[in-house]
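make a model of this:
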Amino acid sequence: MWSPPADPLPPTLGRRVCAWIERFLVHGEGDYLGEKFLLEEWQRALVYRLYEYDPVTLRRLVRRLLLVLPKGNGKTELVAALCLAELAGPVVATADGRGSLRKSPNIPVAAASFEQADRLFGAARTMVAEGPLRPHLEAFETELLLKDRPGRMFRVAAIGGTNDGGLPTCAGFDEIHEWVGRKERVHLVIGNSLAKRAEGLELNLSTPDDADPGSLFGRLHAYGLKVASGEVVDPSFLFVWYTADARRDLTDSAALRAAIAEANPAGWLDTDRIAARLEVDRIPEHEFRRYHLAQLVRPEGQWLPPGAWEDLADPGRPPPPEGAEVVAFFDGSYNGDCSALVGVVPGERPHVFVIGCWERPEGAHEWLVPREQVKARVAETFGRWKVRLFGYDPFGWHAEGEQWAEAYGEPPVLVWETNLRKRMSAACSRFYTTVVNRGLTQDGDPRLARHLRNAVVKETPEGAYITKAGRHGPKIDLAVAAVGAVDLAATPTVTPPAPFALTGR
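Got it, this is the predicted structure:
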């Protein structure tokens, strides 16, 4: 999975940088020690994307990279090579497209521990010591210095802390899933300092980790998915994730090897040897999926099976025509959260579509749901379609709900409290069964898919229903609205009771 490229494709210094790497760098410690660093096609493609630039301003387009790969694909050595290119290579765009050197490059390479930081820095130091770049740099235990001009690369360990990010031009961060607790502040300080230099570049690499969606890795990965899906347009963020289809049956030998080939781009890896880790060594499957397939191992209690919702997407289907019968459900919040409005076209195979979603923007600390926008979208819904039923959770929206009932009738406007466990449990059960039995279609909205992935199951005496993964877990409001809308779509049309007629003898 990659961030989508710009259209049309911008110019890039990728060819120049690749040529520099292959001329001046050699492989570090390992089976290829001292041999020329010849880039494979997947590595070359990454370098080309990383060094795209604006043809008018000559500014680099990508400012942050998140590279997620299984173990053994050489991601640490690749990022070490990129850091060396930033230190001594032609990485500044010029009008003739040839590239020039960075002025006063300053490059921290960092990891959660001193040992991990030394893996990244040590790879770079060995590339210098064993190759053609050696006459141009002085190599010390914790830093590399350019001989002919100001410029340095140095080792940083998050465990050691830092009070000053300096003036870095590029920073390499290794295994960011380990940057937790106070260590995360080092990443923040250095990242903020990159903004002080023109075209600062942040290089993040990791294997997957699902421990905490609110962690540094969890936030960056979630943002990368938004960029890759087109939910967020951010050409400055390059997201590269090599993984395998989570639905492959790893007990089947052919499917296992297909998954390994899909997730591991490096040409030097032995598929059978990796498969033996599961088939012969019998390591836990969730560990195999994480380390060798770069999969986000399904958190305990996650609701829908992997890919079940995505398989139902029909993104080419247009919205229902004006005057069509629909049902809709609104799940609202006040602040710091998300409000969602989801519609369903009823029928033998209902179609789910997102009408509106108001979610706190990235980086916004204080935010209020735009209530007037919500009310306008609800009014538009009733004006555009024939709304058979409209359910809403009244929490925080009592006044608006009463206004909707007065304006549009009661029914179709219904109070539907999502905190009533028995009702919510029955609705979740209906939704789950409909999805796994392929009993509906959906519009492919990436926001709804994300909220459904975020949902986990909570078991109670009243039944099982969906909730967030912890108090501060990622949002699920669109998922709740979809559950309510599908439940309403299966509800017969509500009609008022006939008046009671008195009869006499």
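
so after the worst-scoring helix or strand of the chain on mean pLDDT, what's the next helix or strand?
Scoring the helices and strands of the chain by mean pLDDT, DSSP states H and E places strand 456-460 at the bottom, with a mean of 85. Remark: after strand 456-460, the chain's next helix or strand is strand 463-467, criterion DSSP states H and E.

sheet partners, orientation included, of that following strand?
Its sheet considered, strand 463-467 pairs with strand 456-460 (antiparallel) by DSSP bridges.

quick check: buried residues in the strand it pairs with?
456, 458 (16 or more other C-beta atoms under 10 Å). The way it works is simple: take the backbone N, C-alpha and C, and place the C-beta from them, glycine included.

can you pull out the helices in the stretch 1-150 of the chain?
14-24, 41-50, 75-88, 114-129 (DSSP state H, counting those that start in this stretch).

got it, and the stretch 401-505 of the chain?
So, for the stretch 401-505 of the chain - with DSSP H, counting those that start in this stretch - the helices run 421-436, 446-454, 477-489.

and the angle from the longest one to strand 463-467?
Going back to what we said before, that points to helix 421-436. Interaxial angle, helix 421-436 versus strand 463-467 (axes from the mean of the first three to the mean of the last three C-alpha atoms, to 10 degrees): 80 degrees.

in the stretch 201-350 of the chain, where is pLDDT below threshold?
Low-confidence segments of the stretch 201-350 of the chain (pLDDT under 70): 210-213, 298-301, 334-336.

mean neighbour count, the helices of the stretch 1-150 of the chain: which tops it?
Highest mean neighbour count of the helices of the stretch 1-150 of the chain: helix 75-88, a mean of 25 (counted as mean count of other C-beta atoms under 10 Å).

distance from the chain centre to that helix, please.
Chain-centre distance of helix 75-88: 24 Å, with C-alpha atoms, centre = their mean, to the nearest Å.

circling back: for residue 326, find the nearest of the helices of the stretch 1-150 of the chain.
helix 41-50 (41.2 Å; C-beta to C-beta).

got a list of contacts for that closest one?
Residues from elsewhere that reach helix 41-50 (C-beta atoms under 8 Å, 6 or more residues apart in numbering): 2-3, 5, 12, 14-15, 17-18, 21, 39, 62, 65, 67, 78, 82, 238, 240, 242, 265-266.

got it, and stretch 89-96?
Stretch 89-96 is contacted by residues 11, 13, 16-17, 20-21, 24, 51, 53, 58-60, 85, 98-102, 199 when judged by C-beta under 8 Å, 6+ apart.

any chance of CSV for the helices of the stretch 1-150 of the chain, columns distance to residue 31 and mean pLDDT?
Output for the helices of the stretch 1-150 of the chain, formatted as CSV (distance: least, C-beta to C-beta, whole Å; pLDDT from 0 to 100):
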stretch, distance to residue 31, mean pLDDT
helix 14-24, 18, 96
helix 41-50, 17, 97
helix 75-88, 12, 95
helix 114-129, 13, 89
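
would you mind putting those into a markdown table with distance to residue 378 alongside?
Shown next, in a markdown table, are the helices of the stretch 1-150 of the chain (distance: least, C-beta to C-beta, whole Å):
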| stretch | distance to residue 378 |
| --- | --- |
| helix 14-24 | 49 |
| helix 41-50 | 42 |
| helix 75-88 | 48 |
| helix 114-129 | 51 |
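
what's the closest of those to residue 339?
helix 41-50 (35.5 Å).

could you figure out how far the closest one is turned away from helix 75-88?
Using the same axes, to 10 degrees, one finds that helix 41-50 and helix 75-88 are set 40 degrees apart in direction.

ranking the helices of the stretch 401-505 of the chain by burial, who's on top?
helix 477-489 (a mean of 27).

need the mean per-residue confidence for that helix.
Averaged over helix 477-489, pLDDT sits at 96.

for that helix, name the packing helices and strands.
strand 325-331, strand 338-345, strand 351-359, strand 386-392, helix 421-436, helix 446-454, strand 463-467 (3 or more C-beta pairs under 8 Å, 6 or more residues apart in numbering; DSSP states H and E).

closest to residue 473 out of those?
Among the helices and strands packed on helix 477-489, helix 446-454 sits nearest to residue 473 (C-beta to C-beta), with 6.8 Å.

would you agree residue 88 is in contact with residue 147?
No: using C-beta atoms under 8 Å, residue 88 is not in contact with residue 147; the gap is 10.1 Å.

name the residues contacting each of these two.
By C-beta under 8 Å, 6+ apart, the residues touching both residue 88 and residue 147 are 136, 137.

what's next to stretch 247-267, contact-wise?
Outside stretch 247-267, the residues touching it (C-beta under 8 Å, 6+ apart) are 40, 42, 69-70, 72-74, 242-245, 269, 271-272, 274-275, 278-279, 285, 288-289, 292-295, 305-307.

from those, which land in helices?
Counting by DSSP state H, the contacts of stretch 247-267 place 42, 271, 272, 274, 275, 278, 279, 285, 288, 289, 292, 293 in helices.

buried subset of these, written for ChimeraX?
Buried subset of these, written as a ChimeraX selection, criterion 16+ other C-beta under 10 Å:
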select :42,274,275,278,288,289,292,293
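
okay if I get the ones in helices among the contacts of stretch 247-267 as a markdown table plus distance to residue 441?
Formatted as a markdown table, the ones in helices among the contacts of stretch 247-267 follow (distance: C-beta to C-beta, whole Å):
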| residue | distance to residue 441 |
| --- | --- |
| 42 | 34 |
| 271 | 36 |
| 272 | 40 |
| 274 | 37 |
| 275 | 36 |
| 278 | 35 |
| 279 | 38 |
| 285 | 32 |
| 288 | 34 |
| 289 | 29 |
| 292 | 34 |
| 293 | 29 |
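
between the ones in helices among the contacts of stretch 247-267, which is closest to residue 234?
Using C-beta to C-beta, the ones in helices among the contacts of stretch 247-267 come closest to residue 234 at residue 42, 22.4 Å.

residue boundaries of the helices in the stretch 151-300 of the chain?
So, for the stretch 151-300 of the chain - with DSSP H, counting those that start in this stretch - the helices run 183-194, 216-229, 253-263, 271-279, 285-293.

not counting the longest one itself, show me its contacts.
Same thing as helix 216-229. 1-4, 66, 68, 176-177, 179-180, 184, 187, 204, 206, 208-213, 231-234, 237, 239, 241, 296, 362, 446, 449-450, 474.

same deal with the first one?
The contact list for helix 183-194 (C-beta under 8 Å, 6+ apart) reads 63, 108, 110, 112, 156, 158-159, 161-171, 173, 176, 179, 200-202, 215-216.

PyMOL command for the buried members of those?
The buried residues among the contacts of helix 183-194 can be selected in PyMOL (16+ other C-beta under 10 Å) with this line:
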select buried, resi 63+108+110+112+156+158+159+162+165+166+168+169+170+171+173+176+179+200+201+202+215+216
